[in-house]
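**Q** Please work out how this folds:
(4 chains)
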Number of protein chains: 2
Amino acid sequence: MSSRLKDVAARAGVSVRTVSNVVNGSAAVAEDTRLRVQAALDELGYRPNLAARSLRAGRTGLIGLAIPEVRSPYFGELAGLLVEAAERRSWTVIIDQTRGDAEAERRLLTRAGGRVVDGLVISPWALGPEELTAAARSTPVVLLGERSPEGLVDRVAVDNVLAADQATTHLLESGRRRVAALGLQPHLRNGTAEQRRAGYHRALARAGITPDPALEAEVSALHRADGAKAMAQLLDGSGRPDAVFAFSDELALGAMHMAHLRGLDVPGDIAFVGFDDVEDGRFANPALTTVAPDKEQIVERALQCLADRIYSPGNAVRPLDIVVPHRLVVRASSDAPSS
Amino acid sequence: MSSRLKDVAARAGVSVRTVSNVVNGSAAVAEDTRLRVQAALDELGYRPNLAARSLRAGRTGLIGLAIPEVRSPYFGELAGLLVEAAERRSWTVIIDQTRGDAEAERRLLTRAGGRVVDGLVISPWALGPEELTAAARSTPVVLLGERSPEGLVDRVAVDNVLAADQATTHLLESGRRRVAALGLQPHLRNGTAEQRRAGYHRALARAGITPDPALEAEVSALHRADGAKAMAQLLDGSGRPDAVFAFSDELALGAMHMAHLRGLDVPGDIAFVGFDDVEDGRFANPALTTVAPDKEQIVERALQCLADRIYSPGNAVRPLDIVVPHRLVVRASSDAPSS
DNA sequence: ATGAAAGCGCTAACAT
DNA sequence: ATGTTAGCGCTTTCAT
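**A** Numbers count the residues shown, from 1 in each chain, chains lettered A, B, ... in the order given. Model (predicted):
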């Protein structure tokens, strides 16, 4: 099979110690031996066995990313960015999908405990704070989006209440009066939707508008199809919305599609704002107004948290609650009605 | 820190051998000892150290997936499916992005050689056949899409020539005459675009149409923006297309967006067909006609190849060239012109 | 500057 | 049924 340190040592006529030093540059090696060893290394096509290294080091160089699904544009983009950022820190990322399933989330947390990964970045949907906190005691864990109770685990997120408030306010300022909120998920333990709803209510209140239950639509998942379905219900209901604040771009895109099917003009008859700023939205017809979280910063700060815990585990830093910036990107889907 | 087999053994008053047997169920253990050991296991919260296991087993249980980028809808969907399929085989997937960069592809191939992963599924863009074949000699490798010369490495793909022919034929049959091909990538070593172009030419030839160079648009990458840019060039050129066969849905979506911006009606003035059948296309306005490869089968067969090579390495099976089925999904973007 | 050897945590061959 | 131990490939302490 493939060659080990020992083989290379035998071939170069030195000890494994010296070969190891050449491979890692970990100690001074006489120039001529170094060359001899290097030659042997090349001839044998030596590749270090990572399992052995990890076993020695007590670290794997792997970090986990647990997200509901890779294929969704938002998490896909996030995963891409995280992989790149991890690379810069010489980490390899294991991406796992939870599908918002409690069992899957639990399994990944457990695996993190099993030291397959040195740390875990998780965007929890199904799991409650207790379990997350418990898991974080045995491994470095960073939460994306969801808040842990009393900040017991590191967490990185945008200010959802503020962002939702701004999105709603933007619609109100463009003259819309019957703004719907699309994306409630009362069945999840994830509080994100609840926070966005709070921001939505806050904006309505400031404008002196009483929330209308007929303008709040629930979804069972966050795909375009769910957005389309919820939109259909809004249009068939008594709410008669002239604008929609969807809690994700995917939902917004699905909803917008439904509006088109129903013969509505966007933004003439109805305006849309999404959340996430995924690429699809930028190229939709019309282009989608959205809340853009600073994704680069989300992954960067998450990894920083992990690094801090992994490399100085004794140093019991207080768990961080990091808020990353966002901005409202106005595009054609929410232009003021031509009136 | 965390507990080892030895700790559990001490606590239960048995040998490590017995604990190992309990953990793995690998040998008969007396019921009462089993219970005692299990209790110790639970109390100590024992988790096996995977690095040690891998070192012993000579296998890591990890497989690599190397794709240009996770965030693109097509590769995102594929990655999601592959992770699920791998799970069923108790494999964990490491996803890596190559960005079509030769150096990145080379690095991943090398890592595969380093036994971090037991095998690698790669969608090569930049690397030529020689290097791919060389890498496959030291590790199980499956190619997605790209054909290796003389079938020296396992490969899974759709029949690109046939698919492109069908897509083009569909447009011609709906009465279009000036069908453009969008998505040539002469700078890549990847032959996929070339195959799709061949299918496009074959369809034109069958219809007695001479290919017009002004109707063939190159792109530097495969994002919506590239599709939009190429579309602008087509519209500004002398080709005056009444239909576009884009080599990917993303390109098609970008191109369709540009058509809208130019005030063209789709499909009235111009029809579109994409390739990949990603979710975005299904919810686009209008919904995008596309070639739908059987993605489930792509990942399933790819993993099957890997499993064969990993579990019976001596068994030098001839490299397989697997063609998975596809179908043309006709949607609103290519309805016959109302004429 | 380099060699010898211990030991990371686990499994399995060899005992009893 | 269960204990003892070698060894997977590597890094690193201790010697020289």
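**Q** Assess the claim that A:Phe283 and B:Leu253 are in contact.
**A** Yes. Under the criterion of CB atoms under 8 Å, A:Phe283 makes contact with B:Leu253 at 5.9 Å. All C-beta atoms are positioned from the backbone trio N, CA, C, and that covers glycine.
**Q** who touches both of these two?
**A** Jointly contacting A:Phe283 and B:Leu253 under the rule CB atoms under 8 Å, 6 or more residues apart in numbering or on different chains are B:Arg224.
**Q** which of those two has more neighbours?
**A** Counted by other CB atoms under 10 Å in any protein chain shown, A:Phe283 and B:Leu253 do not tie: B:Leu253 has more neighbours, with 29 against 23.
**Q** Kindly report the residues of chain A close to DNA strand C.
**A** A:13-18, A:21, A:27-30, A:33-34, A:52, A:55-56, A:58 (CB under 7 Å from any atom of the strand).
**Q** can you do 6 Å?
**A** Within reach of DNA strand C by CB under 6 Å from any atom of the strand, chain A has these residues: A:14-18, A:27-30, A:33, A:55-56.
**Q** mind checking how far A:Ser174 is from A:Leu328?
**A** A:Ser174 is 12 Å from A:Leu328, where distance means CB to CB, to the nearest Å.
**Q** and if you look at A:Phe275?
**A** Here the criterion is CB to CB. By it, A:Phe275 lies 10 Å from A:Leu328.
**Q** One more: A:Gly119?
**A** Noted for A:Gly119: a distance of 33 Å to A:Leu328, by CB to CB.
**Q** the more surrounded of those two?
**A** A:Gly119 (24 against 16).
**Q** State the pLDDT value of that one.
**A** Model confidence at A:Gly119, given as pLDDT, is 92.
**Q** Go ahead and confirm it touches A:Ser138.
**A** No. Counting by CB under 8 Å, A:Gly119 stays clear of A:Ser138, with 11.3 Å between them.
**Q** overlap in contacts of the two?
**A** A:Ala112.
**Q** A:Leu222 contacts A:Ser72, correct?
**A** Yes. Here A:Leu222 reaches A:Ser72: they are 6.9 Å apart, a contact under CB under 8 Å.
**Q** hey, what's in contact with both of those two?
**A** Common neighbours of A:Leu222 and A:Ser72 (CB under 8 Å, 6+ apart) are A:Glu250.
**Q** Let's verify the closest residue to A:Ala230 other than its chain neighbours: helix, strand, or coil?
**A** Distances taken as CB to CB, 6 or more residues apart in numbering or on different chains put A:Ala217 closest to A:Ala230, at 4.0 Å, once the chain neighbours are dropped. Under DSSP: H, G, I helix; E, B strand; the rest coil, A:Ala217 falls in the strand class.
**Q** Show me the beta-bridge partners of A:Ala217.
**A** A:Leu182 (DSSP bridges).
**Q** residues touching it, list them.
**A** A:180-184, A:230-231, A:233-234 are the contacts of A:Ala217 under CB under 8 Å, 6+ apart.
**Q** now it: how far from DNA strand D?
**A** Separation of A:Ala217 from DNA strand D (CB to the nearest atom of the strand, to the nearest Å): 56 Å.
**Q** what do you get for A:Thr290?
**A** Relative to DNA strand D, A:Thr290 is positioned 47 Å away (CB to the nearest atom of the strand).
**Q** Was I right to think that residue contacts A:Asp280?
**A** No. Using CB under 8 Å, A:Thr290 and A:Asp280 do not qualify as a contacting pair, with a distance of 10.3 Å.
**Q** Now do the shared contacts for the two.
**A** Common neighbours of A:Thr290 and A:Asp280, counting by CB under 8 Å, 6+ apart, are A:Asp249.
**Q** out of the two, which sits in the busier spot?
**A** A:Thr290 (29 against 26).
**Q** and for A:Phe275 and A:Leu328, which residues touch both?
**A** Common contact partners of A:Phe275 and A:Leu328 (CB under 8 Å, 6+ apart): A:163, A:167, A:290-291.
**Q** mind giving me a markdown table with these and columns for pLDDT and secondary structure?
**A** Shown next, in a markdown table, are the shared contacts of A:Phe275 and A:Leu328 (pLDDT from 0 to 100; DSSP: H, G, I helix; E, B strand; the rest coil):
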| residue | pLDDT | secondary structure |
| --- | --- | --- |
| A:Ala163 | 98 | helix |
| A:Ala167 | 98 | helix |
| A:Thr290 | 98 | strand |
| A:Val291 | 98 | strand |
